[in-house]
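**Q** just to be clear, the model below is a prediction. Sequence and coordinates:
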Amino acid sequence: MNEMTDAAAGSLSFEQVLFERPAPKVARITLNRPQMKNAQGLQMTYDLNEAFDVAAHDDDISVIILAGAGSDFNAGHDLSGTETKELSDFRTVGTWGQFGAEGREGEYGREKEIYLEMTERWRNIPKPVIAQVQGKVISGGLMLVWLADLVVASDDSKFLDNTPDMGINGAEFFNHPYELGIRKAKEWLFMTEWISAEEAKRAGMVNRVVPPAELEATTLKMAARIAEKPLFTLKAIKESVNNAQDLMGRRENNKFTFALHHLLHSHFQHISGYPIAIDRLSPKIQERIRSSAKTQKAEE
Ligand code: ZN
């Protein structure tokens, strides 16, 4: 699509994503929109999809690192309203369609394509994926962490799903109970609080916590060690563990939760005219939302 090839380095660059080969058999895909805290809009979504496909189809790559440029891994979905392209400008991966339909039909199809099924697609890439995480990770950003098999986080990283503050039951790819355990997932969503890298590690959501200066090297070292194994073996391990998680109901629960997610969007649309509960919130919650929205704004 928009990629340019640097033949000498074997790297590709997309509009909002970088693709490098930092070591033999290792690809590093970097969300590259640091001025927007890597907020994920349509361009980044389809750049990322293309980059994952390149890595998945390249027989010389065994492990994929997913990193974020700048101070924060990901501030979530791009809610800035500055996007100029439409969904129809991209080659969509699902077959649901009807993205422009009226009522909930269009929005349901849209979120199903770009959030639920796209994240599921990336989660199911058979090669090991390691998320290299620093700074803030908010709501939709969690989905980009959770699609990975391993998570290496710098000790300055922290995690928040603030969609319950907007009346919604959680980010669209609902891995919360599988990442944090049942009680912690409930506490985190009901309370809508940040959790630190260490807390996330204790809950099982993060594998290793390292000082920021060691984040890149630690991740690359792990990737290189994993890449020594036969790719077939790695794929079999990933499928075996992912299948165990799916037998715990992850995928079915995700579909169920996505339907409730859209019931809530519809409910708030019906009573307030917006798909999130903007004017139905307590002043305290409104202030919290304003301060987390600032996180996504450009750093001048
Ligand atoms: Zn939504």
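**A** Arrived safely.
**Q** nearest spatial neighbour of Ala227, chain-adjacent residues omitted?
**A** Lys25 (3.9 Å; Cβ to Cβ, 6 or more residues apart in numbering). Glycine gets a C-beta too; all of them are placed from N, C-alpha and C.
**Q** Leu18 contacts Ile65, doesn't it?
**A** No - taking contacts as Cβ atoms under 8 Å, Leu18 lies outside contact range of Ile65: 11.2 Å.
**Q** those two: which is more packed in?
**A** A direct count of neighbours by other Cβ atoms under 10 Å for Leu18 and Ile65 places Ile65 higher, at 26 against 17.
**Q** can you list contacts of the helix or strand hosting the more buried one?
**A** Assigned by DSSP states H and E, Ile65 belongs to strand 63-68. Contact partners of strand 63-68, identified using Cβ atoms under 8 Å, 6 or more residues apart in numbering, comprise 22, 25-31, 34, 38, 52, 55-56, 73-74, 125, 127-135, 144, 147-148, 216, 219-220, 223-224, 226-227, 234.
**Q** one more pass at 7 Å, please.
**A** Contacts of strand 63-68 from elsewhere in the structure, counted by Cβ atoms under 7 Å, 6 or more residues apart in numbering, are 25-31, 38, 55, 74, 127-132, 144, 148, 219, 223, 226-227.
**Q** one more: stretch 260-278?
**A** Applying Cβ under 7 Å, 6+ apart, the contact partners of stretch 260-278 are 104, 107-108, 166-169, 172, 279-280.
**Q** try stretch 173-180
**A** The contact list for stretch 173-180 (Cβ under 7 Å, 6+ apart) reads 115-116, 119, 143, 146, 170, 185, 188-189, 203-205, 245, 248, 250, 253-254, 257.
**Q** okay, and for the protein, where does confidence drop off?
**A** Across the chain, the stretches falling below the confidence threshold (pLDDT under 70) are 1-10, 292-300.
**Q** coming back round to it: in CSV: the contacts of stretch 260-278, plus secondary structure and neighbour count.
**A** CSV is the format used below for the contacts of stretch 260-278 (DSSP: H, G, I helix; E, B strand; the rest coil; neighbours: other Cβ atoms under 10 Å):
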residue, secondary structure, neighbour count
Arg104, helix, 15
Glu107, helix, 17
Tyr108, helix, 21
Met166, helix, 20
Gly167, coil, 20
Ile168, coil, 22
Asn169, coil, 17
Glu172, coil, 24
Asp279, helix, 10
Arg280, helix, 14
